[in-house]
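Visitor: What follows is a predicted structure for the sequence shown.
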Amino acid sequence: MKSRRTLVYATVVVMVLLALGVYRLTMFDPGKVEPVRPVPATTQVAETASPAAAKAPVAPPLDPTKPARALPPPGTLADLTAKAGAGDAIAACQLAAELADCRTREVLTRHTRGNGPEPMSPRCEQLLAGHVDRHFDLLRQAANAGEPEAMLRYAMGEGFGISGDSFSYLRSPHFDTWRREAPAMLQSLLEAGYPEAVIYRMMANDSLMGGPMANLIQPDAVQDRAYGELLLLLSDDADFAALMRLRNRAGADDLVTQQARQQAERWHQDHFSGRTFDFALLESETELGFPLMRAHGQNCSTAVAEATP
């Protein structure tokens with residue numbers, strides 16, 4: 001419906017906000033939320049001592065003709081844990097995706113004084129109690145196996161939890177490993193033609209919405225702007241295009257805009273073969289994962305409907 005389609009861009013932004021955990025802006029509770037701490041000098045990305053970037057696995061190209069993937073039922077947590085321990089990337093991805101969802105629900109429940117949108121399920125409670133410390137490793141396992149959904153979740157820093165709720169990732173023993181690997185993971189997905197990777201790259205250098213990725217990638221006025229222009233090219237929805245143009249107009253510089261549009265056009269052809277996607281799918285997202293990725297057979301997680309722990 002047209003009235004719903006006019007909200008596509010807002011939905012994209014909300015999806016990013018939810019995924020990156022910027023709940024503290026509207027539901028901040030100083031008694032519950034960890035205060036912002038200065039970034040330790042050893043984690044400043046701009047320093048010459050920063051670890052060298054790692055090579056990412058090559059993401060399989062997104063094939064728009066490929067149907068949605070038929071994944072095995074998630075099964076019990078015990079089954080998933082055993083499979084992930086045996087090297088099953090799908091099981092590791094499923095556990096990591098469920099952990100991300102449960103951690104988000106826990107944060108929402110805590111910040112809304114127990115009046116969150118949905119109560120915590122027994123499966124979520126068991127998952128958080130027994131596996132939250134494995135979140136990073138599970139996600140990295142699936143990402144390094146070349147699962148696109150896991151690669152995007154990993155690049156977003158999802159293995160550290162909800163960044164708006166805690167900045168403890170700066171003290172994590174995994175942080176140096178992640179910051180070496182995350183930018184290349186995201187770039188691999190962009191070059192393989194994943195629209196949702198464009199959304200997160202567009203937000204990456206935003207200090208508010210970039211999450212752990214903020215300030216990790218060297219700022220570049222033309223390239224940073226080009227991702228917004230690319231997102232515009234990826235959708236042929238007129239309402240979405242109008243909203244994106246409003247966003248892109250803010251603080252526009254004519255030369256930067258011209259160069260950014262030229263760069264976006266090159267990326268659109270080189271990485272996406274000039275294709276467009278149905279961004280209205282973002283409006284109906286009710287399950288784990290990423291709807292465009294899932295629609296084209298590259299998801300590795302699926303929602304669990306009150307399954308037994």
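Guide: Thanks, I have the structure now.

Visitor: all strands of the stretch 1-150 of the chain, in order?
Guide: With DSSP state E, counting those that start in this stretch as the definition, the stretch 1-150 of the chain shows no strands.

Visitor: any low-confidence regions in it?
Guide: For the stretch 1-150 of the chain, the stretches with pLDDT under 70 are 1-53, 113-118.

Visitor: can you give me the helices for it?
Guide: Applying DSSP state H, counting those that start in this stretch to the stretch 1-150 of the chain gives helices spanning 2-5, 8-20, 77-85, 89-111, 122-131, 135-144, 148-155.

Visitor: most neighbours per residue, which of those?
Guide: Of the helices of the stretch 1-150 of the chain, the one with the most neighbours on average (mean count of other Cβ atoms under 10 Å) is helix 148-155, at a mean of 28. Using the backbone N, CA and C atoms, a C-beta is placed for each residue, glycine as well.

Visitor: Packing partners of it?
Guide: helix 89-111, helix 135-144, helix 175-191, helix 195-203, helix 291-295 (3 or more Cβ pairs under 8 Å, 6 or more residues apart in numbering; DSSP states H and E).

Visitor: do you know which of the ones you listed lies nearest residue 59?
Guide: Each of those has some distance to residue 59 by Cβ to Cβ; the shortest is helix 175-191, at 4.6 Å.

Visitor: okay, and for the stretch 151-300 of the chain, where does confidence drop off?
Guide: Checking the stretch 151-300 of the chain against pLDDT under 70 turns up 163-166, 238, 240-252, 284-288.

Visitor: that older thread, okay, the helices and strands packed on helix 148-155 in TSV with distance to residue 80 next?
Guide: Formatted as TSV, those follow (distance: least, Cβ to Cβ, whole Å):
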stretch	distance to residue 80
helix 89-111	5
helix 135-144	10
helix 175-191	23
helix 195-203	24
helix 291-295	19
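
Visitor: Counting neighbours, what do you get for residue 58?
Guide: For residue 58, the neighbour count with other Cβ atoms under 10 Å is 10.

Visitor: just checking, it touches residue 187?
Guide: No - between residue 58 and residue 187 there is no contact under Cβ atoms under 8 Å: 10.7 Å.

Visitor: before we move on, the earlier item: for residue 234, which of the helices of the stretch 1-150 of the chain is the nearest?
Guide: Across the helices of the stretch 1-150 of the chain, residue 234 has its closest neighbour in helix 8-20 (11.1 Å, Cβ to Cβ).

Visitor: which residues sit in contact with the residue nearest to residue 180 when sequence neighbours are not counted?
Guide: Sequence neighbours aside, residue 54 is the residue nearest to residue 180 in space, at 4.4 Å (criterion: Cβ to Cβ, 6 or more residues apart in numbering). For residue 54, the contacting residues are 180-181, 184, by Cβ atoms under 8 Å, 6 or more residues apart in numbering.

Visitor: need those residues in CSV with distance to residue 122 and neighbour count, can you?
Guide: Below are those laid out as CSV (distance: Cβ to Cβ, whole Å; neighbours: other Cβ atoms under 10 Å):
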residue, distance to residue 122, neighbour count
180, 37, 16
181, 34, 22
184, 38, 16
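
Visitor: can you tell me the helix or strand for residue 265?
Guide: Assigned by DSSP states H and E, residue 265 belongs to helix 254-272.

Visitor: Any idea how far that helix is from the middle of the chain?
Guide: Mean-position distance between helix 254-272 and its chain equals 23 Å (Cα atoms, centre = their mean, to the nearest Å).

Visitor: Next, the angle from it to helix 195-203.
Guide: Relative orientation of helix 254-272 versus helix 195-203 (axes from the mean of the first three to the mean of the last three Cα atoms, to 10 degrees): 150 degrees.

Visitor: Now do helix 254-272: everything it contacts.
Guide: Helix 254-272 is contacted from outside by 190-193, 195, 221-223, 225-230, 232-234, 248, 274, using Cβ under 8 Å, 6+ apart.

Visitor: Now do stretch 67-80: everything it contacts.
Guide: Residues from elsewhere that reach stretch 67-80 (Cβ under 8 Å, 6+ apart): 90-91, 94-95, 98, 123, 126-127, 130-131, 294-302, 304, 307-309.

Visitor: ugh, wrong one, I meant stretch 124-138
Guide: Identification of contacts with stretch 124-138 by Cβ under 8 Å, 6+ apart yields 77, 81, 84, 92-93, 95-96, 98-103, 105-106, 158-161, 172, 174, 178, 309.

Visitor: now do stretch 182-192
Guide: For stretch 182-192, the external contacting residues (Cβ under 8 Å, 6+ apart) are 53-62, 143, 148, 151-152, 154-155, 157, 197-198, 200-201, 204, 212-213, 216-217, 267, 270-271.
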